[in-house]
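Q: After the sequence you'll find the predicted model.
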Amino acid sequence: MPGFNIRNQSKYPHIRAFVSKYSHNQGSDSWFPVPADFHDPEKSFWARNGWDFVVFNDQESGLRRGWYLDCTNDVLELTFFGFDQDLGIVKT
């Protein structure tokens, strides 16, 4: 199933992610904590198939940053490194 695997490798321990549901209207677009790895799909995987907005937020600092990404027919592994760095993206 296509979608996004999301992990946090930043210095911010309490990162949350929001993934829009433009391509999968049955999915949730709530904020969820981001794990440090991809080991548990229940925590790291968002099922989507198309263009969606992925936003990262640190509740403590109020910092927020997002990307509009296309995962049509693919799984994108997204690694958040920080608010001042590019998002790591690997197509699998």
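A: Here it is on my side, so go on.
Q: hey, let's count contacts and neighbours off CA atoms from now on
A: Noted.
Q: Local confidence estimate at residue 84?
A: Listed pLDDT for residue 84 reads 97.
Q: Just say helix, strand or coil for it.
A: Following DSSP: H, G, I helix; E, B strand; the rest coil, we place residue 84 in the coil state.
Q: For it, give its distance to residue 18.
A: Separation of residue 84 from residue 18 (Cα to Cα, to the nearest Å) stands at 18 Å.
Q: Could you do residue 75 as well?
A: 17 Å.
Q: ranges for the strands of the protein?
A: 3-8, 15-19, 32-33, 45-47, 51-58, 64-70, 75-80, 88-91 (DSSP state E).
Q: contacting residues around the fourth one?
A: Outside strand 45-47, the residues within contact range by Cα atoms under 8 Å, 6 or more residues apart in numbering are 1, 2, 3, 4, 5, 6, 19, 24, 27, 38.
Q: Likewise for the longest one?
A: The set of residues that contact strand 51-58 without belonging to it, under Cα under 8 Å, 6+ apart, is 12, 14-23, 63-72, 80.
Q: Which among these count as buried?
A: Neighbour counting by 16 or more other Cα atoms under 10 Å classes 12, 15-21, 23, 70-72, 80 among the contacts of strand 51-58 as buried.
Q: how about those residues in CSV, adding distance to residue 48 and pLDDT?
A: Output for these, formatted as CSV (distance: Cα to Cα, whole Å; pLDDT from 0 to 100):
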residue, distance to residue 48, pLDDT
12, 26, 97
15, 21, 97
16, 18, 98
17, 14, 97
18, 13, 94
19, 9, 96
20, 9, 94
21, 7, 91
23, 6, 90
70, 9, 97
71, 7, 96
72, 8, 96
80, 18, 98
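Q: No further queries at this time; thank you.
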